[in-house]
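# Quick one: sequence plus predicted model below, questions after.
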Amino acid sequence: MTDILGLVKSQKLTYEQKVLSLAQAAENTLDVLHIPEKTQYYFEKNAIDNLFEGNAPYRPRYILPDYDKFIKEGSEFLQIEPPKDLDELLNALMILYRHVPSITSFPIYLGNLDKMIAPFLDGYTDEEIKKKLKLFLNYIDRTITDSFCHANLGPEDTRAGRLILEVERELQNAVPNFTFKYDPDITSDEIAELALYTTMFCANPAICNHKLNKDTYTTDYGIASCYNILPIGGGAYTLARVVLPNAAKLAKDVDHFFDTILPECLEALANYMNERIRFLVEESGFFESSFLVKEGLIHKDRFIGMYGIVGLADCTNILMKDEGKRYGHDKEADDLADRIMHTIHEFLSEFPALYSPISNNRFLLHAQVGMDYDIGITAGVRIPIGDEPENMSDHLRHSARFHKLIPTGCSDIFAMETTARNNPSAMLDIVKGAFDLGVKYIAFYEENGDLVRITGYLVKRSEIEKYKKGEQVLQNTTHLGAPNYDNNKLQNRKVRGV
Amino acid sequence: MIKAPVRKIIPHSLVDGPGNRTAIFLQGCNIRCAYCHNPETQEMCTESSPTEEIKWMTAEEVFKEVERDIPFIRGITVSGGECTLYPEFLVELFTLGQKAGLSCLIDSNGTIDLSKYPELIEVCSGVMLDVKAWDNEKFNKLTGGNNRNVLKNLKFLSDLDKLEEIRIVCIPDEVDAEDILKGIKSTIGEKISYTNLKLIKFRNHGVIGRLKEAESPSDEYMNYLKELALELGFKKVKIT
Ligand code: SF4
């Protein structure tokens, strides 16, 4: 049971953080989901994990509204006319963002901002636009106090995109996360280099392989939260995960893992996700009552279930303990990991997911990046921090191999030496090569910067220090980042580039 | 195949030329710069006296290492020491590099007359040339060598459009940077408008020679040189 009085009296939580925690505590007094005993067993062993989504789902985990439609048509419910100029546009968006639910109650997707803004820029000077953008972005940073919030840019080279990048570098905000969709056939080298240059100052934007991700759905896609590739006008009902190393620990040997433990975990989690989706769609009333649905900004048939896996590396290393082989370093280990991935992939391609026509009624695999309470569990399919291969080329080849089977989000993060600022074209070469080989998503940050990418979201080192001293901090993701920074020994992340 | 003494290979170098490159450092130098940052690479060595840091490798062996970094790199840069002391090795390495679509750059102090190696120039995409001093006496005081070939190479490479970059390490009094800039202009003329110029601020980090305690030039001085270069007609000037 949650210590409700503890929440009420906490001095570490801001008022808003208290309200949200209390709401979750209330939700968790309910018991509406049917969970079989076997599933319960795997939950207790933490071999599968519901990521504290709550006991009674009453909104999808991630929502990506169709902002283009909103800009064109306005909203009757919000009493907003279609915006006619830049001020009206930014104001309308600020209003709508307040009304987009998610698992954290903060919007996790703000739209492809450059494209949304581009048609409204005529007649303004760069300075005028930057001033407006700063106010807009600071409003977001200070009120959406959650780094899972994400905005997209690209793939085209636009004036709006360039101005947003410039402003981002000046602001040094942790929210929103930005991703630039990059496609060498569409994106100019200049704006790609500007994006990479910017990332060396504020750890934003990350770079998405547009070519490899754009056809994930029949609709357009957006990048939301921690690198989730999701359909616009829809999103994700739920995300739960198999904690692979914990599953491996339950196995007597490799055969037992493949024959019994893994299949049972996969099945248990898939059924559990269907149970959540069933309740959300059939009982919660969300899709009948939300104005987002009524006004066509989201559609029930564009939501998917994200099937997460985490700790492929640690799982492999556990199963290979006797042989002493390591994920990311030994062929035998990587081949075993590949076998695990294919087993999961095959299971998911057979298992029917409820109410998910946009993904052919299947769950989509996601490389979950980890939680604050994970210890000894490496994000998704990444190589453990501190154990990265000496040569970045080997690292990226490995990433390419393991990104392949993951359609709805997987990524790698590289800490770069400060000198890389002088040569963004070198970073672009690395991105081009990596994307060519099949890497789907890549993020960089500068080794000494205040903004650090934890597992996907950004946190300020200075805020972590404050939080550790027991002071209140604005962003709730700092609460997640502080233990994570220590647990995952992020200061040991290999720094790249000389 | 000919072997060359390889000091180190940096798979991803962000500082040795345009884009991301694999940088190969060869051992041995024919001059002794008072500001050398890598004095350990100066000593010549022979194959029969192997050391831990230096590996004698054929071009093929080096290229095996380079291949791991394709497609993440745009090219390779061979540096030193002074890599043009091993022209045959460079020809073999660059031939392999060109075949793989990599640009192949030389980082050189310019004291070896490159016009004597047409085969090398053929497979080399460009040279990053140090111009350490314009006045020969200054050059000699700074390096113990003679700058006749440097000036010759400057013209020769520029005529062939193989002058990838000109580098000047700046230390007031020691280095006649203004004269270098003017001298370059009178030597290569209009081409300064598209030739990369890098003005390198001297730093005594790692230096063990005469200038080990010398101070770095001020930012004002560096900016003054940059302005002067721009006035003369250089367009691609960087201070590092
Ligand atoms: S040319 Fe380069 S390696 Fe040789 S002494 Fe001068 S600085 Fe050192």
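Perfect, I can see it now. Numbering: from 1, shown residues only, chains lettered A, B, ... in the order given.
# Give me the helices and strands touching the helix or strand harbouring residue A:140, please.
Residue A:140 belongs to helix A:126-143 when assigned by DSSP states H and E. If contacts are counted by 3 or more CB pairs under 8 Å, 6 or more residues apart in numbering or on different chains; DSSP states H and E, helix A:126-143 sits against helix A:86-97, helix A:159-171. Where C-beta positions appear, they are placed from N, C-alpha and C, glycine not excepted.
# Spatially nearest residue to residue A:88 (excluding sequence neighbours)?
Once flanking residues are discounted, residue A:88 sits nearest to residue A:81: 7.9 Å by CB to CB, 6 or more residues apart in numbering or on different chains.
# Next one: that neighbour from residue A:73, what distance?
As defined by CB to CB, to the nearest Å, residue A:81 lies at a distance of 9 Å from residue A:73.
# Who has more neighbours out of the two?
When residue A:81 is set against residue A:73 and neighbours are counted by other CB atoms under 10 Å in any protein chain shown, the residue ahead is residue A:73, at 15 against 10.
# okay, now the closest residue to that one other than its chain neighbours: neighbour count?
Nearest in space to residue A:73, with sequence neighbours left out and distances taken as CB to CB, 6+ apart, is residue A:82 at 6.0 Å. When neighbours are counted by other CB under 10 Å, residue A:82 registers 13.
# roughly how far apart are residue A:82 and residue A:92?
Counting by CB to CB, the gap from residue A:82 to residue A:92 is 8 Å.
# overlap in contacts of these two?
A:71, A:74 (CB atoms under 8 Å, 6 or more residues apart in numbering or on different chains).
# just checking, residue B:191 touches residue B:163?
Yes: Residue B:191 is within contact range of residue B:163, at 7.5 Å (criterion: CB atoms under 8 Å).
# How about the secondary structure of the residue sitting nearest the centre point of chain A?
By CA atoms, centre = their mean, chain A has its centre lying nearest to residue A:226, at 1.3 Å. Under DSSP: H, G, I helix; E, B strand; the rest coil, residue A:226 falls in the coil class.
# What parts of chain B come near chain A?
B:10-15, B:18-21, B:68-74, B:240 (CB under 8 Å from any CB of the partner chain).
# Take those residues and, keeping just the buried ones, write it as a PyMOL select command.
Buried members of the residues of chain B next to chain A, defined by 16 or more other CB atoms under 10 Å in any protein chain shown, are picked up in PyMOL with:
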select buried, chain B and resi 10+11+12+13+14+15+18+19+20+21+69+71+72+73+74
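# where exactly do the strands run in chain B?
Counting by DSSP state E, chain B has strands at residues B:3-13, B:21-26, B:55-58, B:75-79, B:103-108, B:126-130, B:163-170, B:196-201, B:236-239.
# measure the nearest residue to residue B:198 once chain neighbours are set aside to chain A for me?
Distances taken as CB to CB, 6+ apart place residue B:167 nearest to residue B:198, at 4.7 Å, with adjacent residues excluded. Here the criterion is CB to the nearest CB, to the nearest Å. By it, residue B:167 lies 14 Å from chain A.
# Does residue B:167 touch residue B:110 like I think?
No: contact criterion CB under 8 Å: residue B:167 and residue B:110 do not qualify, at 9.9 Å.
# List the buried residues of stretch B:150-160.
B:150-151, B:153-154, B:156-158.
# so which of those residues comes closest to chain A?
residue B:157 (22.6 Å; CB to the nearest CB).
# residues contacting the closest residue to that closest one other than its chain neighbours?
In this structure, residue B:157 finds its nearest non-sequential neighbour in residue B:163, 4.3 Å apart by CB to CB, 6+ apart. Residues near residue B:163 by CB under 8 Å, 6+ apart: B:126-127, B:129, B:154, B:157, B:188, B:191, B:195.
# Dump the residues you listed to a markdown table, plus pLDDT.
Listed next are those as a markdown table, based on pLDDT from 0 to 100:
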| residue | pLDDT |
| --- | --- |
| B:126 | 97 |
| B:127 | 98 |
| B:129 | 97 |
| B:154 | 98 |
| B:157 | 98 |
| B:188 | 96 |
| B:191 | 96 |
| B:195 | 96 |
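# which among those residues are in contact with the ligand?
For the ligand, no contacts are drawn from these by CB under 6 Å from any ligand atom.
# that older thread, how near is the residue nearest to the centre of chain A to chain B?
Where chain B is concerned, residue A:226 sits at a distance of 25 Å (CB to the nearest CB).
# same question, residue A:117
31 Å.
# With residue A:33 instead?
47 Å.
# Once you drop chain neighbours, what's closest to that residue?
Nearest-residue entry for residue A:33: residue A:275, 5.1 Å, with adjacent residues in sequence omitted and distances by CB to CB, 6+ apart.
# Wasn't the one you found part of a helix?
Yes: when classified by three-state DSSP, residue A:275 is found to be part of a helix.
# who touches it in this structure?
Per CB under 8 Å, 6+ apart, neighbours of residue A:275: A:33-35.
# Which pLDDT value goes with residue B:119?
Looking at residue B:119, its pLDDT stands at 97.
# Grab the nearest non-local neighbour of it.
In space, residue B:119 is closest to residue B:91, 5.2 Å off (CB to CB, 6+ apart).
# now residue B:152
residue B:113 (6.2 Å).
# Please report phi then psi for the one you found.
The phi/psi pair for residue B:113 (degrees, to the nearest 10) reads phi -70, psi 100.
# quick one, longest helix in chain A?
The longest helix of chain A (DSSP state H) is helix A:331-350.
# Any part of that one near chain B?
No: Helix A:331-350 stays clear of chain B (CB under 8 Å from any CB), getting no nearer than 15.3 Å.
# what does that helix contact?
Contacts with helix A:331-350, where a contact means CB under 8 Å, 6+ apart, come from A:242, A:244, A:254, A:258, A:262-263, A:266-267, A:270, A:307, A:309, A:312-313, A:315-317, A:319-320, A:323, A:325-328, A:362-365, A:381, A:398, A:401-402, A:405.
# again, 7 Å this time
A:258, A:262, A:266, A:307, A:309, A:312, A:315-316, A:319-320, A:323, A:325-327, A:362-363, A:365, A:402, A:405 (CB atoms under 7 Å, 6 or more residues apart in numbering or on different chains).
# starting at the chain centroid, how far to that helix?
23 Å (CA atoms, centre = their mean, to the nearest Å).
# Tell me the buried residues in it?
Applying 16+ other CB under 10 Å to helix A:331-350 flags A:333-334, A:336-338, A:340-341, A:344, A:347-348 as buried.
# and these as JSON lines, adding pLDDT?
Rendered in JSON lines, the data for the buried residues of helix A:331-350 read as follows (pLDDT from 0 to 100):
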{"residue": "A:333", "pLDDT": "97"}
{"residue": "A:334", "pLDDT": "98"}
{"residue": "A:336", "pLDDT": "98"}
{"residue": "A:337", "pLDDT": "98"}
{"residue": "A:338", "pLDDT": "98"}
{"residue": "A:340", "pLDDT": "98"}
{"residue": "A:341", "pLDDT": "98"}
{"residue": "A:344", "pLDDT": "98"}
{"residue": "A:347", "pLDDT": "98"}
{"residue": "A:348", "pLDDT": "98"}
